[in-house]
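*Asks:* below are the sequence and a predicted model; questions follow.
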Amino acid sequence: MNFFKTNLHLISRLFVNQLGMTMFGIVLMMASSKNTILSLCFSVFATLFYLYLIYTVMWEEGAKDAIRIEQGRKEKSRAYPWKLSFWASVPNFFIALLMIIGFLFGYLFTSADAARTLYVIMRLVVGLFEGMYAGIFSFIVTWLPDTDFVYALSGVVFYTLSSLPMMGVSALAYSLGLRNVYFLIPKHKAKKKN
């Protein structure tokens, strides 16, 4: 819990970026709701833009930490960016957990109406937290068999794994920032941060 308190400002920045890109993704989805291909393109754009924002935040943190580590004010840790991105993704994981529970008891083991309702509600909530992925998910679903079970299972799998790209980008960006490697960040901007 001490890690969370110490890094709350950075964790909240990562989460606020997610919420901002969710709103952006939802607006784009609404604008293209009748066209699946356009919706997919907008969703891919929103997702890539979201990952770029995460990349810049974590690259800057890595560049700052490189100085702190050099001066002996901070220990180098490969787990640090993974922990940060995990804490920023806790709401996503919690929603995914509730979706899994709703799926298991509403579609897999039993067909309890309460569990199905929980799944449907969490499915709506996840759209408010990860709206940038909606077009991608809708496109993937069109290639799957058209049954309630498959639709529910694909939602569980997709939204359970949806935080992994952000976590991977966080780790990559942080390590590049530590080494002062300019990838996707202009050198003049990166130098200002240092």
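*Replies:* Structure received.
*Asks:* use CA for all of it now, contacts and neighbours both
*Replies:* Will do.
*Asks:* can you give me the buried ones in stretch 92-103?
*Replies:* Within stretch 92-103, the residues that qualify as buried are 92-93, 95-103, counting by 16 or more other Cα atoms under 10 Å.
*Asks:* farthest-separated two in the residues you listed?
*Replies:* Of all pairs drawn from the buried residues of stretch 92-103, the greatest distance, 16.2 Å, lies between Asn92 and Phe103 (Cα to Cα).
*Asks:* Ser33 is in contact with Ser39, correct?
*Replies:* Yes: distance between Ser39 and Ser33: 6.3 Å, which falls inside the contact criterion (Cα atoms under 8 Å).
*Asks:* grab the longest helix from the protein for me.
*Replies:* With DSSP state H setting the assignment, residue counts place helix 36-70 as the longest helix in the chain.
*Asks:* where does this protein have low pLDDT?
*Replies:* Counting by pLDDT under 70, the chain contains low-confidence ranges at 1, 183-194.
*Asks:* farthest residue from the center of it?
*Replies:* Most distant residue from the mean C-alpha position of the chain: Gln71, 32.5 Å away (Cα atoms, centre = their mean).
*Asks:* centroid residue for the chain?
*Replies:* Ser163 (3.9 Å).
*Asks:* thought Ser89 was touching that residue, still the case?
*Replies:* Yes: in this structure, Ser163 is within contact of Ser89 by Cα under 8 Å, at 6.4 Å.
*Asks:* give me phi/psi at Thr147?
*Replies:* Note on Thr147: its backbone torsions stand at phi -130, psi 160 [degrees, to the nearest 10].
*Asks:* tell me which element the closest residue to Gly131 other than its chain neighbours falls in.
*Replies:* By the measure of Cα to Cα, 6 or more residues apart in numbering, the closest residue to Gly131 outside its immediate chain neighbours is Thr22, 4.4 Å from it. In this assignment (DSSP states H and E), Thr22 forms part of helix 8-31.
*Asks:* re earlier: let me see the contact set for the residue nearest to the centre of the chain.
*Replies:* In this structure, Ser163 makes contact with 89, 92-93, judged by Cα atoms under 8 Å, 6 or more residues apart in numbering.
*Asks:* how close does it sit to Gly106?
*Replies:* Ser163 sits 24 Å away from Gly106, taking Cα to Cα, to the nearest Å as the criterion.
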